[in-house]
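Trainee: sequence and computational prediction follow.
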Amino acid sequence: MLLLTLLSSCTIPAQIELYNNTAERVTVVIGDVTTVIARSEKGLFSEFDLHGPVVRIAVAEKTFVYKFEPLPLSHIAFVGWGPFAKRIMRAQIEQNGTIWAVGTNKEFPIIVHEIQPEGFPVQPQKIGTMRSGVVGNNAV
């Protein structure tokens with residue numbers, strides 16, 4: 001019984017690898033944490049971070065606001081083994097704010113998108129403009 005309890009409490013959290021397929025750098029704001037992803041580069045985020053109140057992503061002068069659903073298991077890859085294992089889902093953001101799920105066996109950038117799992121592509125719930133170059137809770 002103890003072993004079963006230990007095994008069931010060892011869930012590996014997923015991480016989202018977000019590829020910036022825009023012509024600009026993107027600024028991702030989740031709570032109080034801001035991450036900048038250069039053009040044609042990737043950022044890594046915890047699944048738990050994305051399930052907060054909102055995620056804001058600024059591209060050029062626009063700020064996109066998202067609310068994410070649970071990640072689709074069909075697009076999560078297991079990488080590594082044992083205590084070093086990770087679950088990774090890959091996604092790509094476009095200039096218009098659309099976020100596409102990317103198959104685990106695909107290379108970035110994706111030009112032609114495959115059939116998307118439930119909840120994807122993710123569209124922004126709100127689109128605003130940046131004020132004073134600041135992206136934060138009051139930006140939209």
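Mentor: Cool, got the structure. No experiment lies behind these values; they were computed from the predicted model shown.
Trainee: where does the protein dip in pLDDT?
Mentor: 1-11, 47-53, 70, 130-140 (pLDDT under 70).
Trainee: ok, which stretches of it are helices?
Mentor: Along the chain, counting by DSSP state H, helices occupy 2-8, 47-50.
Trainee: now do the strands in this protein.
Mentor: 14-20, 26-30, 33-37, 42-46, 55-59, 62-66, 76-79, 86-93, 99-102, 126-129 (DSSP state E).
Trainee: could you export those to JSON lines, including columns for distance to residue 120 and mean neighbour count?
Mentor: Quick note: C-beta positions are derived from backbone N, CA and C, even for glycine. Shown next, in JSON lines, are the strands of the chain (distance: least, Cβ to Cβ, whole Å; neighbours: other Cβ atoms under 10 Å):
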{"stretch": "strand 14-20", "distance to residue 120": "12", "mean neighbour count": "22"}
{"stretch": "strand 26-30", "distance to residue 120": "17", "mean neighbour count": "21"}
{"stretch": "strand 33-37", "distance to residue 120": "19", "mean neighbour count": "15"}
{"stretch": "strand 42-46", "distance to residue 120": "16", "mean neighbour count": "15"}
{"stretch": "strand 55-59", "distance to residue 120": "14", "mean neighbour count": "22"}
{"stretch": "strand 62-66", "distance to residue 120": "12", "mean neighbour count": "20"}
{"stretch": "strand 76-79", "distance to residue 120": "12", "mean neighbour count": "15"}
{"stretch": "strand 86-93", "distance to residue 120": "8", "mean neighbour count": "20"}
{"stretch": "strand 99-102", "distance to residue 120": "4", "mean neighbour count": "23"}
{"stretch": "strand 126-129", "distance to residue 120": "18", "mean neighbour count": "13"}
